[in-house]
Each structure stands twice: as structure tokens, then as C-alpha cells.
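J.: with the input below, show me the fold.
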Amino acid sequence: MSILPPLPERMRPKTLDDYVGQEHLVGQGAVLRRMIESGQVSSFILWGPPGVGKTTLAKIIANTTRSAFHTLSAVTSGVKDVREVLDRCRAESTSMFSQGRPILFIDEIHRFNKSQQDSLLGAVESGTVTLIGATTENPSFEVIRPLLSRARVYTLRPLEAPQLSQLLNRAVTTDEVLSRRNVTIESTDALFRFSGGDARKLLNILDLLEQSVGHGEPLVISDKVVTERLQENPAAYDKSGEMHYDIISAFIKSVRGSDPDAAVYWLARMIAGGEDPEFIARRLVILAAEDIGLANPNALLLANTTFDVIKKIGMPEGRIPLSQCTVYLATSPKSNSAYLAVDAALAEVGRSGDLPVPLHLRNAPTSLMKEMGYGADYRYAHDYPGHFIAQQFLPDSLDGTRFWNAADNQAELKLAALQQQRWKR
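T.: Sure thing, here's the model as predicted:
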């Protein structure tokens, strides 16, 4: 009797029509669907949490475009492995039997070092291979700029309850094992909560529930059953460390909530669990900018210094600057005004598009531009008392729009008062 693969592998979709989630990328008329249907697939990187369909999407693209598909794991592959695969891709791309440009899928591409990423540049640039990378980390931190300039980045989102429900119902009705079971779905809150938007985790939990019930017995899916089974076997539904995202979430929320004791506790849990210290340090940098911001600008300086120090000294000594920064950020005054300001400005850009730059703010490097009024009537602030003179800096249709509003803390109220004095607002 052959051993069946795990449920997530049995349920892996083969076509876009069976793919669940990421409608903003693969829904009708969306960017990746148009690319796939046209057969002109360019290199890109998929960024998102585990279990949202990055690997599956890459395989679907290869199947749909009938392209040779090669895969590397950044955890186990070196420069030599990359070059060997690229040599095979070059041979395939020039073969008379080639259906399409070979696809090279690199899982966890953020784990490739600079030299490994450099080795990809020539093949991507020349079109020898279509690179599809997958990462759970922010590519702007982890992927070298030359590679980012050659590959678009698409963000994948955690699955929501309707999508998880769709996966559950499909598994129960179509899987070769579950479809033969007498399955009753009573409630799904616990199942979806433990899944955390992760399709793989959902199906692993479902696999665990099925295996825990004897043959011929009914399989009941309920909040009570799910909670009891996972308490009996807490690691069964996430073999790569199911607390990773829960603990970093608790850590971030503890710092944001100004509780240094809880923040240090969750920091200790991550350190004891072998978390990458640079991962923690990056989150501290983000916290300093997003949640403390202008209320204490020194927070960002300390967080950035902590990130640099961790790279220099590593662990276990790195735990000390991590703790220092964590306590400092947790006890700092909080403000998200800069975060809200840039999001409000981005929303306006999305609504109003590329509004023209006012003529007096434009650069005028040529005489023709000067004759056309570029830079005319611009007033140089340093020529005026207090190094300030009121003039228009936004596009005409947005003149007077406010994006930044001071938060209720001493530092920003002082900035707001200065702005009030300058602009007579």
C-alpha cells in the first residue's frame, strides 16, 4: 500500500481557477493573470507570509506557460548550484523543443547572500531565465538593489475567513481521503484562528484531525475538537515553528503598548527559540519609525545602531543591545503621525495621479526652460528672516491639503506650534 502525501500536497492546485486567494494579483484582469495568459512572464518576487501560495503560484505559471521549471532552496543551495541550474536553463532556452523561457524558482530568496544574488543578474538581464523568488522578508532589506531593479515585487496577503472556508469545503468534498469520510462541520472559528491566514497550516490541522479519528468514525470539525487536538499535539500543525508569527506579533504589540516587561519576555522567547537576531533588529527599526516616530526621533537612531551592532557582534552578546533597544522603545513616548502622514499622501497620489509640479518649483537647467517659466518666482528660504517665506509647495489642486497632523506629545506639539507660527494656520 503506497503512502499518501500530506493533505496540503494532495490539495495543491494545478490551475489558476483552482487557486484560492490573492485576487488582487490573479483575479480576472489582475496583473499576474494578464501576464500568465499572455505567455509573457517577466521576473518577479513574491513577498508574503508562509502558506499563502507562493510556491503553488510559481508552479501554476510554469504549467500554464509550458516552461521548464527549476527550483532551488536558498537554505541548501550555493553559487555552484545556481550556476549549474543556469547552465541548464541556457541550454533549454536555445533548444528547438523549448516551449517558453525556463523558470527558476528560488524559495526563501532572502537567505541568499550578495554573491549568490549577484550570480543571478546576468541570466535575468539577458532573458535566459525567468526568475521567480519567494520570500517572507521585506525584499527591500534582503534583496540587492540590482536584482530588485530587474524583478517586480508582488505582495501576497494572508488568507481571510471566506477563502479559508473555501479551502476547507474543497478539501472535505474533493480530497481522496476526506471525501470518503463522514465529515460534519459544526464551527470553524478555532480552526481559522489557529490557521492564521495560512492555507498550509489549515490543511495540516485538518490532516491531524482526520488522523486522530479511527476509520469508520465520524470526523467532527468544531471549536472544541480543534482546540483539544492541538493542545494534545501543539507542534503537529506547524513543523517549522508555529509560534514564530504569534510571538513577533506579541513582541511588537508589547513595545507599541509601552510594556517593557512583556516586550523583554517575548524577546527572550525569540532568542531562546533560535530566532534570527537580525530579524528582531529589523522589527525594532520598523517599530521606532512607525510607532515612536517624531515623539522621540532618537529611537530610530538607537534601533538602527542596534541593527548594525548585531551584524558586528552576533549572538549571544547581541542579546544585550537587543534588550537595551527593546526597553528604550517600549518606554519611549509613542506617535504614528509620520506613518499616517505618508499613507495619507500615498492615498492622495492614488486618487489624483501624477499632478504637475508648480512651475516655480521646477528645475531649470537650460535657457529654454527658464524662458518657459521653470523656476521663476521661487523664493530661496534662507534669504528671509528665520529662514522661512510662505509660498506654495503642493500642486495647485492640492494647495492647503494637510497630510501630517501632530500627535499629542510634547515633541510634536512643539513642532505643530512652530508650523502654526510660520504658516499662520
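J.: helices of the stretch 1-150 of the chain, start to end?
T.: 7-10, 23-26, 31-38, 54-65, 79-93, 114-126, 139-142, 145-148 (DSSP state H, counting those that start in this stretch).
J.: mean neighbour count, the ones you listed: which tops it?
T.: Ranked by mean neighbour count, the helices of the stretch 1-150 of the chain are led by helix 54-65 with a mean of 20 (mean count of other CB atoms under 10 Å). For the C-beta atoms, the positions are set from N, CA and C on the backbone; glycine is no exception.
J.: re the thing from before, TSV please, covering the helices of the stretch 1-150 of the chain and showing mean pLDDT.
T.: Compiled in TSV, these are given as follows (pLDDT from 0 to 100):
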stretch	mean pLDDT
helix 7-10	88
helix 23-26	89
helix 31-38	86
helix 54-65	88
helix 79-93	78
helix 114-126	81
helix 139-142	79
helix 145-148	86
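J.: looking at these, which is closest to Asp291?
T.: With CB to CB, the closest approach to Asp291 among those belongs to helix 139-142: 18.1 Å.
J.: list the contacts of that closest one.
T.: For helix 139-142, the external contacting residues (CB atoms under 8 Å, 6 or more residues apart in numbering) are Ile45, Trp47, Ile109, His110, Gly133, Thr135, Leu148, Val153, Arg282.
J.: same question for stretch 160-175.
T.: 7, 10-11, 20-21, 159, 178-179, 181, 183, 185, 188, 191-192, 195, 197, 199, 202-203, 206, 221.
J.: cool, stretch 317-328 as well?
T.: Against stretch 317-328 from outside (CB under 8 Å, 6+ apart): 255, 260, 263-264, 267, 271, 277, 280-281, 284, 299, 302-303, 305-306, 309-310, 313.
J.: which regions of this structure sit below the pLDDT cut-off?
T.: 1-3, 93-100, 232-245, 365, 368-369, 425 (pLDDT under 70).
J.: quick one, which of the contacts of helix 139-142 are buried?
T.: Ile45, Trp47, Ile109, His110, Gly133, Thr135, Arg282 (16 or more other CB atoms under 10 Å).
J.: and the closest residue to the fifth one other than its chain neighbours, how close does it get to Ala58?
T.: Spelled out, that is Gly133. Residue nearest to Gly133 in three dimensions, not counting chain neighbours: Ile109, with 3.6 Å by CB to CB, 6 or more residues apart in numbering. Distance, Ile109 to Ala58, by CB to CB, to the nearest Å: 11 Å.
J.: what do these two both touch?
T.: Ala134.
J.: now do the SS call for Tyr154.
T.: With DSSP: H, G, I helix; E, B strand; the rest coil as the basis, Tyr154 sits in strand.
J.: show me what it bridges to in the sheet.
T.: Beta-bridge pairing for Tyr154 (DSSP bridges): Leu46.
J.: wait, it sits on Ala30?
T.: No - counting by CB atoms under 8 Å, Tyr154 stays clear of Ala30, with 10.0 Å between them.
J.: tell me the buried residues in the host helix or strand of Thr173?
T.: Using DSSP states H and E, Thr173 falls within helix 161-174. For helix 161-174, a neighbour-count test (16+ other CB under 10 Å) marks Gln163, Leu164, Ser165, Leu167, Leu168, Ala171, Val172 as buried.
J.: closest to Arg88 among those?
T.: Proximity to Arg88 was ranked across the buried residues of helix 161-174 by CB to CB; first place goes to Leu167, at 34.7 Å.
J.: any idea how far that closest one lies from Ile205?
T.: Leu167 is 11 Å from Ile205, by CB to CB.
J.: what's the answer for Ala250, then?
T.: Taking CB to CB, one finds Ala250 at 21 Å from Ile205.
J.: tell me which of these two has more neighbours.
T.: Counted by other CB atoms under 10 Å, Ala250 and Ile205 do not tie: Ile205 has more neighbours, with 25 against 17.
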